[in-house]
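Chemist: Below: sequence and its predicted model.
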Amino acid sequence: MWMVTEKPPRTARLAAAGARAAVDDVFGARSAGDRASSAIFFALLLLGIGVAMLGLVGLVTWSIVEGAPRLDANLFIEGPSTLRPETAGFRPAILGSIYVVAGVIVLVVPLGVGAAIYLEEYADSTRWWNRLIELNIQNLAGVPSIVFGILGLGFIVRGPLSLGQVAAAGSITLAVMLLPTVIIAAREAIRAVPQAIREGALALGATQWQTISRQVLPASISGILTGVILAIARAIGEAAPLLLLGAVTFVRFDPQLFEGGFTTLPVQIFDYARRAQAEFHELAAAGVLVMILLVLLMNSFAIWLRNRYEQKW
Amino acid sequence: MTGSELAAPGTRPGSNRSRLEAASPHYGEKLIQGLLAFCGIFAVAATIAIVFSLMVPAIDFFREVSIVDFLTGTEWSAGFADASYGVLPLVVGTLHIVFWSLLVGIPVGLLSAVYLSEYAPERLRRLIKPVLEMLAGIPTVAIGLFAFLFLRPLAEDALPFLPWSGPYSIGVAGVAVGLLTVPLIASVSDDAMRAVPRSLREGAYALGASRLRVSVRVVFPAAISGVVASIVLAGSRAVGETMVVLLAAGANPGLTFDPTESALPMTAYIGSTATGEIAAGSVQYNTIFAVGSLLFVMTLVLNMFAIRLVRRFRQVY
């Protein structure tokens, strides 16, 4: 082996030239058929990725074209009205969404991050109960959202908790649904912190919790935050489980956390979309536009956060 | 692992050497560990609660309706005087959605994955990946509305020779769900293909293989378990998708094999029944839980299968 700056010896250069000539001779220029199939395949790949991009662009463009005429102040300050569909809006739904999402954050962040810390820092993964927890979280992540609605209906609205059809029931249901997402993201972030940092802290006499709270968590906070933001974006857009909690009622008043009916933005959109009048369809499209903008904003913030603070150890 | 073992690494309980354990018993530390373990157990409790809330009313339901009639009956007419609870039309509705969504999702998702993993320059990749993630983050009710108000009329304009009727179509709903599964298939398959070691590619290139050949004959077969896992996950996602189906597929509980017609997949049945006015405890109310149990079992089986496959491709390399 020689240094890069040095020229390779003459014999080596000759050998390389010979090898190159042999390769050209044997494989030569590719046949026309080979080149054509490569080109066709490449075109297909571009078509595939193009269709995927087109789906997103088409959806956003459509919601702008369809919903823009209704994108005014009424959208935010008016409630639903069958008498005046042309000025109806999303006020109770937006407030409901804020309540529900606030509840989700309060529940899912400590529970999700706590479970992730337990699994990464404390749990002995050879024990069957810890393996059970892990397998369970993986499976919970794949349960359809509407099944969480059934959980909410059978366990939270009625049954053991019996909270009734209130915003808090929606928060709990969505928090359980998003728990696996937050746990998996937080675990990945915690796992990315190198072992040496923990050992350093422990060697200086820190207890295990001091090590976690002052070294591991600060080092993994951006990854955890990314997962939390993505989960919140999902909570904002999720409608299916809330339908089962009775969130589709025509709510004209501002909702409360533990009393009275509630609705959220996506559920209200669904409700408007099912109505016959074209005004409601436009209104639904305007709601979709607001929701998509919000969700895209949050997702891009999460992606930016991940790229900006992704730590290379 | 207990707290004392951590406080004194290297000492075993019962050894004669002077104990290195801290003087204070660190109750706070143990309390924190207990709280964190509770968070982990909460996830298990959630699963038990799901099974419990599904099972109790479902058992009530199967007291009234035999489980064989439920699984093999071809007529679903819940809520009528002469009610019939054969779940097959709903299952066929769900299979419609799975079929049409995979018909879109597999080619588009896999082509995107091959492009991202084997062809795209790094800078383009860094641009496309987030866009796919954005698509994955779009609320499903938005895609449902898009399918109902835009794709369905578009499909009728594009294919006027098909027997379209009414504002709903199970096929169009399936295609819209397919749009949702694209990012899932693309990102899981892309991960699997990128996990294929460089040396395999380099070996193939050294033998004079073209990029097409390397992608299709070397990387793709090596990543096949991940690719299959992505498709299974997409199928499970399509089975469980609710809002798109509820908005765009209609509510015709008849057994149909025509994609232009309206149908009633399982999730749409649950969603539409739950939003209607039905008394808790009635047979019709309990159908929600019976159909929900079937849905839960179906997705559970698909997910377990996918988890196994993913574990395999993670282990080999």
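Modeler: Cool, got the structure.
Chemist: Please name every helix or strand in contact with the helix or strand that contains A:I40.
Modeler: Element membership of A:I40 [criterion: DSSP states H and E] is helix A:32-67. For helix A:32-67, the packing partners by 3 or more CB pairs under 8 Å, 6 or more residues apart in numbering or on different chains; DSSP states H and E come out as helix A:278-309, helix B:88-114, helix B:122-137, helix B:140-146, helix B:170-194, helix B:211-213. From N, CA and C alone the C-beta is placed, and that goes for glycine too.
Chemist: Find the nearest non-adjacent residue to residue 103, please.
Modeler: Going with chain A. Closest residue in space to A:G103, ignoring its immediate chain neighbours: A:S171 at 2.6 Å, by CB to CB, 6 or more residues apart in numbering or on different chains.
Chemist: wait, chain B
Modeler: Nearest to B:L103 is B:G178, by CB to CB, 6+ apart, at 6.7 Å.
Chemist: Same check on B:L110?
Modeler: B:S189 (5.9 Å).
Chemist: and B:L264, how many neighbours?
Modeler: Residues near B:L264, counting by other CB atoms under 10 Å in any protein chain shown, number 26.
Chemist: Ignore what I typed, I meant B:A248.
Modeler: There are 31 residues near B:A248, going by other CB under 10 Å.
Chemist: list the contacts for it?
Modeler: B:144, B:147-148, B:151-152, B:168-169, B:172-173, B:176 (CB atoms under 8 Å, 6 or more residues apart in numbering or on different chains).
Chemist: Could you identify which of those residues has the most neighbours?
Modeler: Going by other CB under 10 Å, B:A173 tops the contacts of B:A248 with 34 neighbours.
Chemist: List the contacts of it.
Modeler: Applying CB under 8 Å, 6+ apart, the residues near B:A173 are B:97, B:100, B:144, B:147, B:244-245, B:247-249.
Chemist: tell me the two of these that are most distant?
Modeler: Farthest-apart pair in the contacts of B:A173 is B:W100 and B:L247; separation 15.4 Å (CB to CB).
Chemist: So those two - more neighbours on which side?
Modeler: B:L247 (30 against 22).
Chemist: Where does the more buried one fall, secondary structure wise?
Modeler: Applying DSSP H and E, one finds B:L247 within helix B:243-248.
Chemist: Tell me the helix or strand right after that helix.
Modeler: That would be, after helix B:243-248 and using DSSP H and E, helix B:266-275.
Chemist: any idea of the mean pLDDT in that next one?
Modeler: With pLDDT averaged residue by residue, helix B:266-275 scores 89.
Chemist: which ones are touching the residue most central in space within chain B?
Modeler: In chain B, the centroid-proximal residue (CA atoms, centre = their mean) is B:R237; its distance is 2.6 Å. For B:R237, the contacting residues are B:177, B:180-181, B:184, by CB under 8 Å, 6+ apart.
Chemist: Next up, the contacts around the residue nearest to B:L103.
Modeler: B:100-105, B:108, B:238.
Chemist: mind checking the SS state of the residue nearest to A:G103?
Modeler: For A:S171, the assignment made with DSSP: H, G, I helix; E, B strand; the rest coil gives helix.
Chemist: right, and out of the contacts of B:A173, which lies closest to chain A?
Modeler: For these, the residue nearest chain A by CB to the nearest CB is B:L247; the value is 5.8 Å.
Chemist: right, and A:L296 touches B:G137 too?
Modeler: Yes - taking CB atoms under 8 Å as the definition, A:L296 is a contact partner of B:G137 at 7.4 Å.
Chemist: More neighbours: which of these two?
Modeler: Neighbours were counted for A:L296 and for B:G137 using other CB under 10 Å; B:G137 has more, 22 against 16.
Chemist: Quick one: residues contacting the more buried one.
Modeler: B:G137 touches A:230, A:233-234, A:237, A:295-296, A:299, counting by CB under 8 Å, 6+ apart.
Chemist: And those, which two are furthest apart?
Modeler: A:R234 and A:L296, at 13.0 Å, using CB to CB across the contacts of B:G137.
Chemist: got any ranges where the stretch 101-250 of chain A has weak pLDDT?
Modeler: For the stretch 101-250 of chain A, residues meeting the criterion pLDDT under 70 lie at A:248-250.
Chemist: Can you tell me the SS state at the nearest residue to B:Y285 once chain neighbours are set aside?
Modeler: Spatial nearest neighbour of B:Y285, chain neighbours left out: B:I278 (5.0 Å); criterion: CB to CB, 6+ apart. Three-state assignment for B:I278 (three-state DSSP): coil.
Chemist: got it, and B:P160?
Modeler: coil.
Chemist: Just the pLDDT for B:P160.
Modeler: B:P160 is given a pLDDT of 86.
Chemist: and it, what are its phi and psi?
Modeler: phi -70, psi -10 (degrees, to the nearest 10).
Chemist: do A:F262 as well
Modeler: According to degrees, to the nearest 10, A:F262 has phi -150, psi 160.
Chemist: Quick check: it vs A:E279, distance?
Modeler: From A:F262 over to A:E279 the distance is 24 Å, taken as CB to CB, to the nearest Å.
Chemist: More neighbours: which of those two?
Modeler: Comparing A:F262 with A:E279 by neighbour count (other CB under 10 Å), the higher total belongs to A:F262, at 31 against 15.
Chemist: what about dumping the CA coordinates of stretch A:120-134 to CSV?
Modeler: Taking C-alpha atoms only, stretch A:120-134 is exported to CSV below (Å, rounded to 0.1, in the frame of the first residue of the first chain):
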residue,chain,number,x,y,z
GLU,A,120,-34.0,1.2,28.6
GLU,A,121,-32.4,1.9,31.9
TYR,A,122,-33.8,-0.4,34.6
ALA,A,123,-35.5,-3.4,33.0
ASP,A,124,-33.5,-6.6,32.6
SER,A,125,-34.6,-7.7,29.2
THR,A,126,-34.0,-11.4,29.9
ARG,A,127,-36.9,-11.4,32.4
TRP,A,128,-40.1,-12.6,31.0
TRP,A,129,-42.2,-9.7,32.4
ASN,A,130,-40.0,-7.2,30.7
ARG,A,131,-40.1,-9.1,27.4
LEU,A,132,-43.9,-9.2,27.9
ILE,A,133,-44.0,-5.4,28.2
GLU,A,134,-41.9,-5.0,25.1
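Chemist: And it, how far out from the chain middle?
Modeler: 25 Å (CA atoms, centre = their mean, to the nearest Å).
Chemist: May I see the buried residues of it?
Modeler: Within stretch A:120-134, the residues scored as buried using 16 or more other CB atoms under 10 Å in any protein chain shown are A:120-123, A:130, A:133-134.
Chemist: distance of the closest residue to B:A192 other than its chain neighbours from B:A136?
Modeler: Nearest residue to B:A192, sequence neighbours excluded (CB to CB, 6+ apart): B:G226, at 2.2 Å. If you measure B:G226 against B:A136 using CB to CB, the figure is 17 Å.
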